[in-house]
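Chemist: This is a predicted model, with the sequence first.
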Amino acid sequence: MQSLIWIIPVAPMAAAIINGVLGKKLGKATGAVGILAVAISFVMALYVLAGVMAAGNHEGPLADGPFYQWIVSGAFNVQLGYYIDPLAAVMLIVVTSVSLLVHIYSVGYMANDGSFWRFFCYLPLFTFAMLMLVLANNFLQLFLGWEGVGLCSYLLIGFWYNRKSASDAAMKAFIVNRVGDFGFTIGIILIWLTFGSLSFTTVFDKASTVEVGFLTMITLLLFVGACGKSAQIPLYTWLPDAMEGPTPVSALIHAATMVTAGVYMVARMYPLFIHTPVTLSVVAWVGGITAIFAASIGLVQNDIKRILAYSTVSQLGYMFLALGVVVPVSGIFHLFTHAFFKGLLFLGAGSVIHSVEHAFEHAGVHDDPQNIQNMGGLRRYMPWTAGTFLIACLAISGIFPFAGFWSKDEILTGAFVNGQYALYAIGLVTAMMTAFYMFREYFLVFEGTPRFDTHHVHPHESPWWMVGPLAVLALLSLVAGFAVGAPPEHGLFRNFLDPVFAPVLGAEHPETAFVETLILIGASLLIAVIGIYIAMMMYLRRAWSPQAVSARFPRLYDLLYHKWYLDEIYDAAIVQPTLAFARFLWGFDSGVIDGMVNGVGALIRWLGQGLRRLQTGSVGNYALGMSLGLLVILGSLLLSGTFHG
Amino acid sequence: MLLSLIVFLPLVGVALLLPMRPENKSLLRVTTLVVMLADCLLSIYLLLAFNQSASGYQFEENIPWLGSLGLRYHLGVDGLSVLLLFLTTLLSWIAILSTWRAVQLRVKEYMIAFLLLELGMLGVFVALDLFLFYVFWEIVLVPMYVIIGVWGGPRKIYATIKFFLFTFIGSLLMLVAILALYFEHAGLANGVRTLDVTQLGNVHYPLAFQIPVFLAFFAAFAVKVPLWPLHTWLPDAHVEAPTAGSVILAGILLKLGGYGFLRFSVPLLPEATHYFGPLMLTLATIAVVYGALVSLVQKDWKKLVAYSSVSHMGFVILGIFVLNPQGLEGAILEMFNHGLLTGALFLCVGIVYERVHDRELAHLGGIARYMPVYAAFFMVFMLGSVGLPGLAGFVGEFLVLLGTFGVSSLAGWISMTAIILAAGYLLWMYARVMFVKLNTEHYAAELVDLRAHEVAYLLPLLALVIWVGVYPDTWLNFLHPAVSHIIAQASAAGGLAAR
């Protein structure tokens, strides 16, 4: 197995290079190159998965061999390698499978885009970087992949760079992530200074020997990085804006894979985090608060993709909550199921936008093709998209037996069993909000009567290139939960990841009584059904008026609609003061420092008046200086001869 | 003889140019280019022939020069100098190509100035006798002064005088320092009169002597770097200089300062180095953040890149004065990288400026649509400068930060903010120039994509930026012995343990 792992990242890298260099000539063939490369990676990932499964209960990584010397300086030595264990295997499957489906889907979605080949250069490049991140066996390699995916995210958000909003969003994503990197990089540096190594195995082995206070600082710094990449409070603001990118990008990068990198990183570093209860509770609370906060914004948005973006932020919050309340396997399980149903939601939204945009364009309608208030009744036009979207909505709402039910329920149960009742309550309320906003979106888009002119606007079902991946993801959203998650807490998934986390967690996790489990399951199901019911009464039956509700709480509605004004607050509290300070410094530069320089200049000119008459220009002045200098040297040498000679 | 050949080959070029008719511009250009390319090939040969594992100087040439005074014509290279030597010969021909079309006035004098400039810079990096070093150091000044003053922009006179004043005062003080070392050494070593670097270091100077000498060297080197608050000549000089001048100025001239600190201040004055260490770290940290902040609010494209140099060179000084292997190797690599990346960024500015004669950021925009190939090159250089792992800038900066945290967490935390700010000003710059739409529409017709000669000089830089990022060991391997030697000399007095 080990000798072939390199193919996994190298195949998409080769595709990116081929498409980048020859893309213009290859044209549409770049799509095939990308698909083929990622398919190879996917097959190899399955092969690795099989190898890991065959190895059974193997403690530590199955492969960790360095294969490439990257940076050496003094005692600092970083060698790239592959860290293969069940956790990495799960991530490899998630990344390669979703990436493959998104590649296929994109052939249809991007078919009419003039920069088709550029898209199929960036997409495999992203896949390569993400795989490097997942396979990393040391912190700096992880950071390499981490920045690589960030770069691709930047390039793909700004893919349609002629639009100012896209250009701004791309920049925002990169810079906000750099704030996260600020913490992450310092964390890495402190790890090296503490452990003398950046290799995972060495650091994990020594984790218990380091003073807890210091370890807490390191893990908190690493978590700052995770907050950037995985869009958690206070660094989540870039993700909703990132929806400016083409929709397949939102599905792959900003829902299924890259944004989960922070979750993966914390899970990977669990041998460090487990020693720092303070950090763990910060992780749990940041996750919990982000989950409910983002969900609250999602309640009132009208952009089909932005609702999903806030939903992603919220679901990532769940994952961190799980990591924080020390049920990491459940967090990774949710990452796994979320990749499928959220990928599906985005690709479904893409299918809708693709179709509505064309229909609007065709009919000469200038309404926003992403505003769900301009849609309605689309199920009749695009039954496949509607059906698969519904499955995804049921999955994310946590309805039995769809995928989200199993993973979300495990997290909530975990929080409850570990005595984190406040976080459990937050999770429960968030679950209701999630069910509400997802079904609000579903009803407004696909059900009811169309709110566009049906005589002129004729949306169509998307081509098979796009519907095929939807169907596959719908199937996964249906079965991925119970296939590996049942029975709760004893499923295949948990057993598979046990070798990674059981040695770290040490003591066996508290067993839940059967009745208790049933009650908790009942509670989360009930809450989801209530959410769906409210959405139904408001947006399908129209029995309750949404306007009446928002009119009743105008302040709150305004606050949510404007995303708690967080963008505005950041701008006023951080961006503008920084720029003002920078302008002040620039003024200082040209005023004070240069003023002094010019003063000295004037003084010298005044002093130099006499000398100046001897020479004509400034160059001559200089030559004079040089000859004077030489004179001084020679003179003093002669003098010294008399002293020492 | 190899080093003398490399250093004085440009003089052969000057001799070839002198009899040529000034109207025959192509011949003048081609001759200069060929000579510089030949010199570049020689320096590549030097890189290949250089023994990376040996310590001490290699390819030494050591003959008496002003014998009675103890001055020698002593040349030699260690890992530090070979990298900078290569960078110099590389950027020299690139600079000539970059103004292939832009400079039409007094082409002959222009070419001669650049050849002399190259000679001076190469000499600085190989001279092992302080007097010889001083001579080369001064040779560099004159052509640069002329290049800005004759082929510069509208405020060239102000810029040249400022450049001249700063550097000349620095040079004078350095001369005093050199003299002081000469006499002090003679006094301490039983009248042995020498300015040979390899011998000057064998004597222990009292701290009271080291301090003023350090300060005098500081005046010369810190101005060149330029270290805050001695940096204000730089933006003016850059803005007024022609593209080729900016490339050499940022790419090589700034490195003379860093090289001076590494070759003379730190090894010869170890106690003063420790004494002033905290001050140097403070100034460097200020430079890192200050340069980045000021870059953030620039309206002129070239000025933005110029101020970013203040920040990047701040990292170099930071790395030097933390005095550990990571810091020093990071600093040297950062000098190399900064030469490649900022050189490339100035070339990118120049390419657009040559087409539309405008550098005002508010006037530009949307260029990516008109010049896609250019956009790709510029993107890589911009990201390299941001410090993206996998490209050159990251390795140097990361090593410097690693070294800094080992010595001063405070300096580390503060200078780390520059990685956020750098992303801010560089991405903003890129978006402003390349994305959305062109703000001055009649420029569109001028914006033709890269020409063959432009690709020819950007491509090697691109390759090196990726090479250093992906496989920095090629370059770091040159530095290990040289850096351990510097650390050994510096810690002989300070008693610092090297990690």
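Modeler: Structure received.
Chemist: Mind checking what secondary structure B:Asn202 has?
Modeler: coil (DSSP: H, G, I helix; E, B strand; the rest coil).
Chemist: so who does it touch?
Modeler: Listed by C-beta atoms under 8 Å, 6 or more residues apart in numbering or on different chains, the contact set of B:Asn202 reads B:Ala189. From N, CA and C alone the C-beta is placed, and that goes for glycine too.
Chemist: Determine if any part of stretch B:441-452 is in contact with chain A.
Modeler: No: using C-beta under 8 Å from any C-beta of the partner chain, stretch B:441-452 stays clear of chain A, with a minimum separation of 12.4 Å.
Chemist: gap between that stretch and the chain center?
Modeler: 31 Å (C-alpha atoms, centre = their mean, to the nearest Å).
Chemist: Same question for stretch B:57-76.
Modeler: How far stretch B:57-76 lies from its chain's middle: 25 Å, per C-alpha atoms, centre = their mean.
Chemist: Could you report the neighbour count for the residue in the stretch 301-450 of chain B that chain A sits nearest to?
Modeler: With C-beta to the nearest C-beta as the measure, B:Pro325 is the residue of the stretch 301-450 of chain B nearest to chain A, at 2.9 Å. By other C-beta atoms under 10 Å in any protein chain shown, 26 other residues sit near B:Pro325.
Chemist: Read off the pLDDT value for the nearest residue to it once chain neighbours are set aside.
Modeler: Among residues not flanking B:Pro325 along the chain, A:Gly74 sits closest, at 2.9 Å (C-beta to C-beta, 6 or more residues apart in numbering or on different chains). If you check A:Gly74, the pLDDT there is 85.
Chemist: correct me, but A:Gly74 touches B:Gly327?
Modeler: No: A:Gly74 lies out of contact with B:Gly327 (C-beta atoms under 8 Å); the separation is 9.3 Å.
Chemist: Give me the more crowded residue out of the two.
Modeler: Higher neighbour count among A:Gly74 and B:Gly327: B:Gly327, with 30 against 21, using other C-beta under 10 Å.
Chemist: what about the nearest residue to A:Gly180 once chain neighbours are set aside, distance to A:Met217?
Modeler: Distances taken as C-beta to C-beta, 6+ apart put A:Gly228 closest to A:Gly180, at 1.9 Å, once the chain neighbours are dropped. A:Gly228 sits 18 Å away from A:Met217, going by C-beta to C-beta, to the nearest Å.
Chemist: what's the answer for A:Ser281, then?
Modeler: With distances taken as C-beta to C-beta, A:Ser281 is found 15 Å from A:Met217.
Chemist: Please state the backbone phi and psi of B:His357?
Modeler: The phi/psi pair for B:His357 (degrees, to the nearest 10) reads phi 50, psi 50.
Chemist: That one: how many residues sit nearby?
Modeler: Counted with other C-beta under 10 Å, B:His357 comes out at 10.
Chemist: which SS class is B:Glu60?
Modeler: strand.
Chemist: How about A:Ser197?
Modeler: Secondary structure, three-state DSSP: A:Ser197 is coil.
Chemist: Excluding chain neighbours, what is closest to it?
Modeler: Spatially, and ignoring its direct neighbours in sequence, A:Ser197 is nearest to A:Val203 (6.2 Å; C-beta to C-beta, 6+ apart).
Chemist: Helix or strand: which one has the one you found?
Modeler: Using DSSP states H and E, A:Val203 sits within helix A:200-206.
Chemist: How about the contacts made by the closest residue to A:Phe116 other than its chain neighbours?
Modeler: Nearest-residue entry for A:Phe116: A:Met110, 5.4 Å, with adjacent residues in sequence omitted and distances by C-beta to C-beta, 6+ apart. By C-beta under 8 Å, 6+ apart, the contact set of A:Met110 is A:Phe116, A:Phe119, A:Phe120, A:Pro246, A:Pro248.
Chemist: Kindly reformat those as CSV and extend each row with secondary structure and neighbour count.
Modeler: CSV is the format used below for the contacts of A:Met110 (DSSP: H, G, I helix; E, B strand; the rest coil; neighbours: other C-beta atoms under 10 Å in any protein chain shown):
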residue, secondary structure, neighbour count
A:Phe116, helix, 20
A:Phe119, helix, 24
A:Phe120, helix, 31
A:Pro246, coil, 22
A:Pro248, helix, 27
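Chemist: quick check, nearest of these to A:Ala14?
Modeler: Nearest to A:Ala14 among the contacts of A:Met110 is A:Phe120, at 12.9 Å by C-beta to C-beta.
Chemist: So the nearest residue to the closest one once chain neighbours are set aside: helix, strand or coil?
Modeler: The shortest distance from A:Phe120 to any non-neighbouring residue, by C-beta to C-beta, 6+ apart, is to A:Thr30 (3.9 Å). When classified by three-state DSSP, A:Thr30 comes out as helix.
Chemist: what is the rounded mean pLDDT of the helix ranked longest in chain A?
Modeler: Secondary structure of chain A read by DSSP state H shows that its longest helix is helix A:328-363. Averaged over helix A:328-363, pLDDT sits at 93.
Chemist: Now do the helix or strand immediately after it in the chain, average pLDDT.
Modeler: Per DSSP H and E, the first helix or strand lying C-terminal to helix A:328-363 is helix A:383-397. Across helix A:383-397, pLDDT averages out at 94.
Chemist: Output helix A:383-397 as CSV, nothing but the C-alphas.
Modeler: Extracted as CSV, the C-alpha positions of helix A:383-397 are listed here (Å, rounded to 0.1, in the frame of the first residue of the first chain):
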residue,chain,number,x,y,z
PRO,A,383,-38.3,16.8,-10.5
TRP,A,384,-34.9,15.2,-10.0
THR,A,385,-33.4,18.3,-8.5
ALA,A,386,-36.4,18.8,-6.2
GLY,A,387,-36.4,15.2,-5.1
THR,A,388,-32.8,15.0,-4.3
PHE,A,389,-32.9,18.4,-2.6
LEU,A,390,-35.7,17.2,-0.4
ILE,A,391,-33.6,14.2,0.6
ALA,A,392,-30.8,16.5,1.6
CYS,A,393,-33.2,18.7,3.6
LEU,A,394,-34.4,15.7,5.5
ALA,A,395,-30.9,14.6,6.1
ILE,A,396,-29.6,17.9,7.4
SER,A,397,-32.8,18.3,9.6
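Chemist: by how many degrees do that helix and helix A:328-363 diverge?
Modeler: Calculated by axes from the mean of the first three to the mean of the last three C-alpha atoms, to 10 degrees, helix A:383-397 forms an angle of 150 degrees with helix A:328-363.
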